[in-house]
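1. Fold the following, please.
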Amino acid sequence: MTKPLRRAVDLSTIVAGIALVAVLGWHFSGQVQRDTQVKSVQDGLRRFEQSLSMRAAAHDTAVTPRGFPTTIDPSWFGGDPPKNLLVTPERPWVEIAPPTEAHLTNPNVRIAATWSTAAFWYNPYNGTLRARVPYDISDERARDLYNLINKTNVSSIYGVEAVLPEDMFMGPPAELASPIPEPPSNGPGVD
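-> Alright, predicted model coming up:
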């Protein structure tokens with residue numbers, strides 16, 4: 001082999017080696033970043049659960065008949081509410097399940113599909129809190145990520161639980177309804 005050809009082969013081998021190291025480094029740094037985000041979301045879910053338990057036990061917030069707070073207030077976290085780093089930050093923070101979803105343990109929308117889909121889902125009727133996940137390369141990978149983060153075992157990333165019909169409910173549960181103000185009185189004996 002001639003000297004210039006030998007140098008070309010050596011140079012291409014070095015370039016290929018550098019490219020391989022760069023690709024592997026990029027892949028593993030992305031995986032490390034994803035693992036860090038997953039851990040952060042799992043820690044956030046634990047903070048939510050602790051705060052919900054403390055608020056329910058302290059009786060300083062409205063609770064459902066089963067003893068779970070009816071809502072989640074960001075001020076409970078001292079200016080640093082849990083974040084779902086897997087989805088974009090411009091979306092709503094927590095979606096509170098309506099009475100028609102009182103029986104659900106997982107939201108039917110498990111992927112943060114649109115900008116209006118909240119990062120977290122909370123069911124005050126059974127105390128369930130879930131983090132939503134982003135679209136992934138496949139439905140299976142998104143489902144696996146959802147199961148990993150929420151410590152669940154759903155078989156599909158798409159919700160399949162039936163929502164109860166609206167007409168089953170006459171109005172909001174008593175613990176969520178605001179008191180009805182008394183009509184003004186015209187005084188005694190005046191109609």
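2. how about low-confidence regions in this protein?
-> The model of the chain has pLDDT under 70 over residues 22, 24-30, 161-191.
3. all helices of it, in order?
-> All helices of the chain, identified by DSSP state H, fall at 3-58, 139-150.
4. can I get those in TSV with distance to W115 and mean neighbour count?
-> C-betas here are computed from N, CA, C, even on glycine. As requested, the helices of the chain are arranged in TSV below (distance: least, Cβ to Cβ, whole Å; neighbours: other Cβ atoms under 10 Å):
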stretch	distance to W115	mean neighbour count
helix 3-58	19	12
helix 139-150	18	18
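5. With respect to T64, which of these lies nearest?
-> helix 3-58 (9.3 Å; Cβ to Cβ).
6. how about the helices of the chain in JSON lines, adding distance to A97?
-> What follows is these, written out as JSON lines (distance: least, Cβ to Cβ, whole Å):
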{"stretch": "helix 3-58", "distance to A97": "14"}
{"stretch": "helix 139-150", "distance to A97": "15"}
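7. So the residue nearest the centre of the chain versus Q37, what's the distance?
-> With distances taken as Cα atoms, centre = their mean, the residue of the chain nearest its centroid is A131 (2.1 Å). Relative to Q37, A131 is positioned 11 Å away (criterion: Cβ to Cβ, to the nearest Å).
8. Find residues that contact each of these two.
-> When contacts are counted by Cβ atoms under 8 Å, 6 or more residues apart in numbering, A131 and Q37 are jointly contacted by L86.
9. hang on, the earlier thing: of all the helices of the chain, which one is nearest S116?
-> Set against S116 and scored by Cβ to Cβ, the helices of the chain come closest in helix 139-150, at 18.7 Å.
10. quick one: which of the helices of the chain is nearest P69?
-> Taking Cβ to Cβ, helix 3-58 is the member of the helices of the chain nearest to P69, at 5.0 Å.
11. name the helices or strands packed onto that closest one?
-> Contact analysis of helix 3-58 by 3 or more Cβ pairs under 8 Å, 6 or more residues apart in numbering; DSSP states H and E lists strand 128-131, helix 139-150 as its packing neighbours.
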